[in-house]
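In: predicted model, plus sequence, below.
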Amino acid sequence: MSYFSDVERDLIVTGRTELAEGIVALDLASPNGRDLPAWTAGSHVDVILPAQDPPNGDPLERQYSLCGDPAARGTWRVAVLREQGGRGGSARIHDEVAVGQRVRVRGPRNHFAFTPAPGTRYRFVAGGIGITAIRSMVASAEAAGVDWRLDYAGRSRRTMAFVDELAAAFGERVRVHAADEGARLSASALAAEVGSDGVVYACGPTRLLDALESALAPRRDEALHVERFEAKVFGAPVWTEPFEVELVGSGDVVSVAPDQSILEAIRQQSPETLVLSSCRRGTCGTCEVPVLEGEVEHRDSVLTPVEQEHGDVMMICVSRAACPRLVLDL
């Protein structure tokens with residue numbers, strides 16, 4: 001079962017740990033000591049930092065995978081890589097967030113759910129900080145007694161969170177691909193090992209995930225599940241004209257300009273319609289909306305190709321109509 005929550009809560013930072021070079025883990029707990037909501041392997045939360053220029057600025061929101069133990073209901077753990085040249089969120093967390101501080105958090109949500117099935121062979125692939133999404137899956141697979149292996153790639157062991165812990169706990173089932181040791185991960189070799197019936201869960205940089213998608217492209221049966229921290233790059237939209245979006249809940253019809261997202265149009269023209277969003281880049285899944293009518297051009301980095309083909313949901317922060325009119329369940 002996957003859990004989805006849009007509830008925001010203030011949590012206390014009860015621990016701060018340097019996991020690896022440039023990576024800090026934060027342990028978060030309820031101020032009153034109560035259990036936090038349950039979560040499943042692959043879940044993430046939104047960390048919401050105050051605006052740096054109030055009242056004109058907007059709060060800064062970033063998504064981080066839960067990488068602790070789902071059974072430890074008193075604490076959530078996230079791990080944050082300081083991104084050089086990033087958008088500033090990771091630097092603020094590294095520089096400003098300390099033990100004892102309150103942090104606003106939304107979630108958890110899970111668009112990268114893993115439920116181990118008996119008899120299935122699983123291959124987990126993590127690139128760099130992508131291990132934060134994969135670590136709980138490894139634990140879940142081990143607890144279920146299924147066949148699994150982990151390939152973990154990074155620049156060097158000193159930059160790879162949890163690498164020693166995983167290698168010590170699981171031995172040969174964990175293959176470490178440290179670039180400075182000459183042990184680079186080959187997507188084509190991994191695809192050959194997976195064969196015709198294995199299932200791959202992967203999280204990491206764009207180049208790694210693109211290589212895996214290409215290597216496993218001949219299989220169209222959900223062989224590959226990925227979570228992206230970076231948005232996919234798309235060209236010009238298929239439908240370049242304005243289009244209409246009907247919101248069945250309110251009866252409003254909004255017009256979406258070619259240079260405008262559906263999310264922006266709804267907030268401007270139907271401000272009473274409640275629409276949650278976070279990343280606004282198509283990577284977190286917060287703005288997922290059911291589609292009742294119309295053809296969608298999916299431009300998100302969340303849905304699988306099969307889910308996109310079904311066309312029954314869309315991420316309105318980036319995806320668009322491929323026709324003159326959409327009808328959404330909003």
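Out: On my side now, so go ahead. Just so you know, these numbers come straight off a predicted model, no measurement behind them. Numbering: from 1, shown residues only.
In: tell me the buried residues in the worst-scoring helix or strand of the chain on mean pLDDT?
Out: The weakest-scoring helix or strand in the chain, judged by mean pLDDT, DSSP states H and E, is helix 305-310 (a mean of 86). Across helix 305-310, burial judged by 16 or more other Cβ atoms under 10 Å covers Q308. All C-beta spots, glycine's among them, are computed from the backbone N, C-alpha and C.
In: quick one: it to chain centroid distance?
Out: Chain-centre distance of helix 305-310: 18 Å, with Cα atoms, centre = their mean, to the nearest Å.
In: what lies in contact with that helix?
Out: For helix 305-310, contacts defined as Cβ atoms under 8 Å, 6 or more residues apart in numbering pick out 220, 222, 296, 298, 313.
In: could you turn the buried ones of those into a ChimeraX selection?
Out: Entered in ChimeraX, the line below selects the buried ones among the contacts of helix 305-310, by 16+ other Cβ under 10 Å:
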select :296,298,313
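In: among the contacts of helix 305-310, which lie within strands?
Out: Among those, the ones falling in strands (DSSP state E) are 296, 313.
In: closest one of the contacts of helix 305-310 to W76?
Out: Lowest distance from W76 to these (Cβ to Cβ) belongs to V313, with 26.5 Å.
In: hang on, isn't that closest one packed against C287?
Out: No. Counting by Cβ atoms under 8 Å, V313 stays clear of C287, with 10.3 Å between them.
In: got any residues that touch both of the two?
Out: Overlap of the contact sets of V313 and C287 (by Cβ under 8 Å, 6+ apart) is empty.
In: surely S188 is in a strand?
Out: No. Secondary structure of S188 (DSSP: H, G, I helix; E, B strand; the rest coil): helix, not part of a strand.
In: any idea how far it is from R281?
Out: Using Cβ to Cβ, to the nearest Å, S188 is found at 29 Å from R281.
In: now for the longest strand belonging to the chain, which elements pack on it?
Out: The longest strand of the chain (DSSP E) is strand 8-20. Judged by 3 or more Cβ pairs under 8 Å, 6 or more residues apart in numbering; DSSP states H and E, strand 8-20 is in contact with strand 23-29, strand 102-109.
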